[in-house]
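1. Here is a sequence with its predicted model. Questions after.
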Amino acid sequence: MTKTKKINPKEVEIRTYSRDDLPKLPALLESCLGRHSSQSWVEWKTLKAPYKIKMMFMVAYHGNELVGFIGANPVPFSLDGEQTIVYQHQDTAIREDARNLRLLMKMIDHVEEQIIGCPDFKLTYSITAPHLRSLVTKRMKYTVVWENLKMVKIVSLRGYVSKATRSKKLASLIPGPKGKSWKAPGSMTGEIRQIESFGPEFDTFWENANKPSKEIGRIYPWQDATWLNYKFCEDEMVPFYKFEYVENNEVLGFVILNTTKLDVKVGYLEALWTIPERPDIVELLTDFAIHEFLKRKCDQISSWTRTETPRSEEHTSELQSH
């Protein structure tokens, strides 16, 4: 077997990503991350995000060949009720023959150089693999702001078999879940409706819902109509199911779901938000979501939640994670 010749990092040119790089990027992402990405999806992800203050993506070339891509997309957060923009690192991809820690760190440095002279810029990492936590906190000097906990609910025998055996074939032999019809409780005076997009009424809802409290902390994702439409309506790769809860023609909450097929069918509770003074709507929409997943024959339900609120007293500028 012929051993692939490694590219010397000194021969790689790093520069700011632009529209000219777009045609080459889907093939690189697929070869490195193992998933097909259309050019239109990559354009949406890298060039069409709202609230973009500055381009934070970098590309690496060896001659005319694209061998690396790294960067961060703007994500809006509410900090004490005010909008703050955080650039979150996403979709790092370096071709196998160019992979080298020196090149990775050099590309990261190029991204972080963009914030020099821009004190309002913040950079963050969202980490799911334990070994990456060590790289990001020890080598790159990022500070842990909060930790998310992945909650999993197994709702079928197929789900239990998959979790116990890690065998897709064996799990496929087991009957799936039985869907149940959902009936709203008699105390509910409003209506849950499926929607296609988020209109101006969701900006009014966000003004009423964007209130820091002991229950949710001081920091949480920004949820206005602009962001919701970009995140959950314009992503051509992920079909999201969106529902609003309305009382007296006023939006008081929403829930967003999606499903995917892994070893078994998994339902993801992507987002759920209500106005602070109505915790009963949280219970209502959560119960509704579970029944929606059962109706869609999901074997497992997953959701991310914080283990605790951010350490507000210790870090007065929590989002300055760099």
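-> That came through fine.
2. quick one: the helices in this structure?
-> 25-33, 39-47, 101-113, 130-134, 157-165, 168-172, 201-209, 225-233, 279-295 (DSSP state H).
3. tell me the mean pLDDT over the second one?
-> For helix 39-47, mean pLDDT is 94.
4. low pLDDT regions in the stretch 51-200 of the chain?
-> 117-119, 128, 173, 179-181 (pLDDT under 70).
5. Same list (the helices of the chain) but as TSV, adding distance to Ile14 and mean neighbour count.
-> Quick note: C-beta positions are derived from backbone N, CA and C, even for glycine. Output for the helices of the chain, formatted as TSV (distance: least, C-beta to C-beta, whole Å; neighbours: other C-beta atoms under 10 Å):
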stretch	distance to Ile14	mean neighbour count
helix 25-33	14	17
helix 39-47	16	17
helix 101-113	5	16
helix 130-134	21	11
helix 157-165	42	17
helix 168-172	40	14
helix 201-209	38	18
helix 225-233	28	18
helix 279-295	43	18
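6. Nearest to Glu270, out of the ones you listed?
-> helix 225-233 (7.2 Å; C-beta to C-beta).
7. for that closest one, the distance to its chain's centre please.
-> 13 Å (C-alpha atoms, centre = their mean, to the nearest Å).
8. what's around the nearest residue to Pro177 once chain neighbours are set aside, how many residues?
-> Excluding the flanking residues, the one nearest Pro177 by C-beta to C-beta, 6 or more residues apart in numbering is Ser156, at 3.8 Å. Neighbour count for Ser156, taken as other C-beta atoms under 10 Å: 21.
9. would you turn the helices of the chain into TSV with distance to Leu66?
-> Listed next are the helices of the chain as TSV, based on distance: least, C-beta to C-beta, whole Å:
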stretch	distance to Leu66
helix 25-33	5
helix 39-47	12
helix 101-113	13
helix 130-134	23
helix 157-165	37
helix 168-172	34
helix 201-209	38
helix 225-233	26
helix 279-295	39
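10. quick one on the thing from earlier: let me see the contact set for the residue nearest to Pro177.
-> Contact analysis of Ser156 by C-beta atoms under 8 Å, 6 or more residues apart in numbering lists 174-177, 264, 299-300.
11. Would you check how far apart it and Ser172 are?
-> 12 Å (C-beta to C-beta, to the nearest Å).
12. And Glu250, by the same measure?
-> Counting by C-beta to C-beta - Glu250 and Ser172 are separated by 45 Å.
13. swap in Gly217?
-> For Gly217, the distance to Ser172 - C-beta to C-beta - is 42 Å.
14. same check, this time on Arg19
-> 43 Å.
15. got a list of what Phe232 touches?
-> 198, 240, 242, 256, 270-271.
16. Identify, from those residues, the entry nearest to Thr226.
-> For the contacts of Phe232, the nearest to Thr226 is Phe198 (8.5 Å; C-beta to C-beta).
17. Contacts only, for that closest one.
-> 225, 228-229, 232-233, 242.
18. cutoff 6 Å now
-> Contacts for Phe198 were tallied using C-beta atoms under 6 Å, 6 or more residues apart in numbering; they are 225, 228-229.
19. ok, now His110?
-> 14, 58.
20. how close does it get to Phe202?
-> His110 is 37 Å from Phe202, by C-beta to C-beta.
21. repeat for Asp299
-> For Asp299, the distance to Phe202 - C-beta to C-beta - is 32 Å.
22. ok, back up a step: out of the contacts of Ser156, who's the most crowded?
-> Busiest of those [other C-beta under 10 Å] is Asp299, holding 27 neighbours.
23. I figured it hits Val264, correct?
-> Yes. Counting by C-beta atoms under 6 Å, Asp299 does reach Val264; the two are 3.8 Å apart.
24. Between those two, which contacts overlap?
-> The contact lists of Asp299 and Val264 share 158-159, where a contact means C-beta under 6 Å, 6+ apart.
25. Based on its surroundings, how many neighbours for Glu11?
-> Other residues within reach of Glu11, judged by other C-beta under 10 Å, total 11.
26. Who are the contact partners of it?
-> Listed by C-beta under 6 Å, 6+ apart, the contact set of Glu11 reads His62.
27. Give me the distance between it and His62.
-> In terms of C-beta to C-beta, Glu11 sits 6 Å off from His62.
28. One more: Tyr125?
-> Using C-beta to C-beta, we find Tyr125 at a distance of 26 Å from His62.
29. With Thr189 instead?
-> 63 Å.
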